[in-house]
Every structure is written in C-alpha cells, then in structure tokens.
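In: what's the 3D shape of this:
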Amino acid sequence: MPIALTINGEEHQIQDRLSVAALLAQRGLDPNAVVVELNLAILPKEAFAHTLLEEKDRLEILRFVGGG
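Out: Residues are numbered from 1 along each chain as shown. The predicted model follows:
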C-alpha cells in the first residue's frame, strides 16, 4: 500500500514502508553527507536505519555541499 510523504516540500508516494536509511539509499544519497529533519525534529544519524516512515511524515533532507 503506497505511503504519502512530503519530502523537501514536495508530495511523494513510496510503495513500501521504508526506513530513513532505505529512502536515502533509493535516492542515491550518502547518509554521512546529509541532515534529515523528520516532522520538525533533527533525526540523529544512528536512528536512520531503524526509523520507519509513516503516512503523512514530513522530511527535509539537506545535503552538505563543499565549495569556497
């Protein structure tokens, strides 16, 4: 059953109930190079693997970008 999420302000549907780590992997994102806010709270990296996404969750995924 699809799950509706908001990711970075955009509505998305995912097919399975995924962990945050699995969602990042699907999107090709390195978990060590991002900060994830889940429902207005920063999620510790240690929690990515066991935090399962729920219907109507709101995520903000911020990527570190180097430069100068």
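In: Closest to the centroid, which residue in this structure?
Out: Geometric centre of the chain, nearest residue: Val20, 4.8 Å, by C-alpha atoms, centre = their mean.
In: pLDDT score assigned to that one?
Out: Listed pLDDT for Val20 reads 97.
In: Show me the strands in the chain, by range?
Out: 3-7, 10-14, 34-38, 41-43, 58-63 (DSSP state E).
In: Looking at the fourth one now, give me its mean pLDDT.
Out: Going back to what we said before, that points to strand 41-43. For strand 41-43, the per-residue pLDDT averages 98.
In: ok, and for it, which residues are buried?
Out: Residues of strand 41-43 include none that count as buried (16 or more other C-beta atoms under 10 Å). Where you see a C-beta, it was placed from the backbone N, CA and C, and this is true even at glycine.
In: how about low-confidence regions in this protein?
Out: 68 (pLDDT under 70).
In: can you rerun that using 80?
Out: 64-68 (pLDDT under 80).
In: Near the nearest residue to Leu62 once chain neighbours are set aside, how many other residues are there?
Out: With C-beta to C-beta, 6 or more residues apart in numbering as the criterion, Leu62 has its nearest non-adjacent residue at 4.6 Å, and that residue is Val35. Val35 has 12 neighbours, counted by other C-beta atoms under 10 Å.
In: dump the residue contacts of the residue nearest to the centre of the chain.
Out: Going by C-beta atoms under 8 Å, 6 or more residues apart in numbering, Val20 touches 36, 38, 43, 47-49, 51, 53, 59.
In: Excluding residues flanking it in the chain, which one is nearest it?
Out: Phe48 (4.4 Å).
In: Tell me who's in contact with the nearest residue to Asn39 once chain neighbours are set aside.
Out: Distances taken as C-beta to C-beta, 6+ apart place Arg58 nearest to Asn39, at 5.5 Å, with adjacent residues excluded. Counting by C-beta under 8 Å, 6+ apart, Arg58 makes contact with 5-6, 38-40.
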